[in-house]
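Colleague: show me the folded form of this:
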Amino acid sequence: MMRWSDEQQALRAAAEKVGEAVGADHLERDGPGGFAWDGWAGLRDIGLFGAPLGAAWGGAELDLPTTMYILEGLGHACRDAGLTFSAVTHLVSTGVPLQRFGSESLKARHLRAVCAGSVIGAHAITEPEGGSDVLNMRTTAVADGDAFVLKGNKSFVSNGPIADLVIVYARTGAPGALDGITAFLVPTDTPGLAVGAPIEKMGLRTSPTSELFLDDVRVPGTHVLGAVGSGFLVLDEVMKWEILCGFAATLGEMSHRLERCVDQVRDRVQFGVNIGSHQAISHRVVDMRMDVETSRKWLYDTAEKFTEKQGIATDLAITKLVVSEANVRSALAAVQIFGGAGYSTEHGIEKELRNAVAGTIYSGTSETQRQRLASFMGLHKAPTVRGG
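Modeller: Predicted coordinates:
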């Protein structure tokens with residue numbers, strides 16, 4: 001079990017304080033999908049966007065588990081899950097890979113602003129036809145002198161409508177090849193780049209999402225992250241951070257939901273007793289508690305392995321499945337426990353269920369994670385052909 005120092009607890013408390021304030025008007029903004037600009041400023045002021053980044057760029061150089069612990073606190077306190085999602089997207093999709101893979105000149109030009117949150121970052125991976133089939137993406141980057149020309153369309157770009165910088169993944173090699181993808185840092189004011197209208201979504205409405213259109217976008221070769229052909233390695237690193245940090249915030253949301261349900265079943269009286277006296281209700285809340293603790297264990301155990309540079313491919317897939325699916329169960333249970341109040345939009349319970357469904361889709365769908373695990377287990381092995 002993780003032991004948190006006084007300093008770590010103070011950092012989390014600061015995030016919780018800001019999160020509680022910036023998420024206060026979440027219900028008013030959920031319907032129209034309004035982004036919390038004041039909330040972003042509040043998170044920027046406490047240095048959230050530089051938490052794991054280097055001091056040379058204005059960051060705090062916190063390790064991964066500490067960063068997750070802070071984000072868990074933010075998820076616990078902030079009822080605007082869309083704002084939290086956008087904040088994590090910026091941190092892990094732009095800040096982390098720029099520091100890890102960017103050249104010194106590229107970092108000097110952009111990383112301090114990313115770290116400060118004075119610009120907003122996004123990454124463009126998914127395509128309208130490709131979904132999770134990253135290695136066969138259709139967006140291409142063709143070398144032209146000392147630059148590359150990018151052409152194609154991206155879909156479901158989180159932070160797309162508000163982003164200043166986008167890390168675009170494009171094919172520079174053969175389809176399906178591990179070394180056929182390259183990552184590029186592209187300012188959104190680059191000629192030929194167009195951001196589509198915000199996409200209306202079932203949940204996470206306050207996190208703006210859009211398509212991205214690349215029509216012969218010319219990008220200097222110095223804007224390549226890592227090396228040409230190393231985009232899959234960049235994306236693999238990003239996905240590790242995205243799952244661990246993003247679902248740490250989800251864990252915070254689940255913990256808050258559990259506390260709210262405990263209060264509800266203790267305080268609400270029907271037929272002369274509190275509803276927690278009914279086994280069907282109390283067991284449901286116990287299951288919510290088990291999901292929280294199981295999710296916490298998988299998240300922080302996997303983060304510890306990652307920090308120790310152990311292989312985590314299996315652990316990461318299991319972690320993503322465990323937490324995302326537990327969150328949906330937890331949110332559905334909360335709707336049932338609150339009854340009519342849970343189903344109405346007045347109290348924000350149904351919104352949490354809509355938000356939770358997204359977690360089974362982004363960062364690799366549940367089906368994709370199960371396919372990966374089946375592959376790791378050798379279940380996809382081709383049959384042996386025997387001669388007659």
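
Colleague: report the longest helix in the chain, please.
Modeller: With DSSP state H setting the assignment, residue counts place helix 231-267 as the longest helix in the chain.

Colleague: what about it, distance to the chain center?
Modeller: Centre-to-centre, helix 231-267 and its host chain are 9 Å apart (C-alpha atoms, centre = their mean, to the nearest Å).

Colleague: low-scoring stretches of the stretch 251-388 of the chain, by residue?
Modeller: Along the stretch 251-388 of the chain, the parts satisfying pLDDT under 70 run over 271, 382-388.

Colleague: adjacent strands (with direction) for whatever helix or strand comes next after the longest helix of the chain?
Modeller: Per DSSP states H and E, helix 231-267 leads on to strand 269-270 as the next helix or strand towards the C-terminus. Here strand 269-270 has these sheet partners by DSSP bridges: strand 273-274 (antiparallel).

Colleague: circling back: buried stuff in the longest helix of the chain?
Modeller: Buried residues in helix 231-267, counting neighbours by 16 or more other C-beta atoms under 10 Å, are found at 231-235, 237-258, 260-261, 264-265. (C-beta placed from N, C-alpha, C; glycine too.)

Colleague: which SSE is the nearest residue to residue 238 once chain neighbours are set aside in?
Modeller: The spatial neighbour of residue 238 that comes closest, neighbours along the chain excluded (C-beta to C-beta, 6 or more residues apart in numbering), is residue 97 at 5.4 Å. Using DSSP H and E, the element containing residue 97 is helix 96-101.

Colleague: same for that helix, what does it pack against?
Modeller: helix 104-116, strand 181-187, strand 224-225, helix 231-267 (3 or more C-beta pairs under 8 Å, 6 or more residues apart in numbering; DSSP states H and E).

Colleague: residue 245: what's it in contact with?
Modeller: 64, 67, 68, 71, 88, 91, 92 (C-beta atoms under 8 Å, 6 or more residues apart in numbering).

Colleague: can you pull the pLDDT of it?
Modeller: Confidence at residue 245, expressed as pLDDT, is 98.

Colleague: distance of it relative to residue 127?
Modeller: With the distance defined as C-beta to C-beta, to the nearest Å, residue 245 ends up 24 Å from residue 127.

Colleague: which residues touch the nearest residue to residue 160 once chain neighbours are set aside?
Modeller: Using C-beta to C-beta, 6+ apart and skipping residues adjacent in sequence, the residue nearest residue 160 is residue 210, 3.5 Å away. Residue 210 sits next to 157, 160, 161, 195, 196, 197, 198, 199 when contact means C-beta under 8 Å, 6+ apart.
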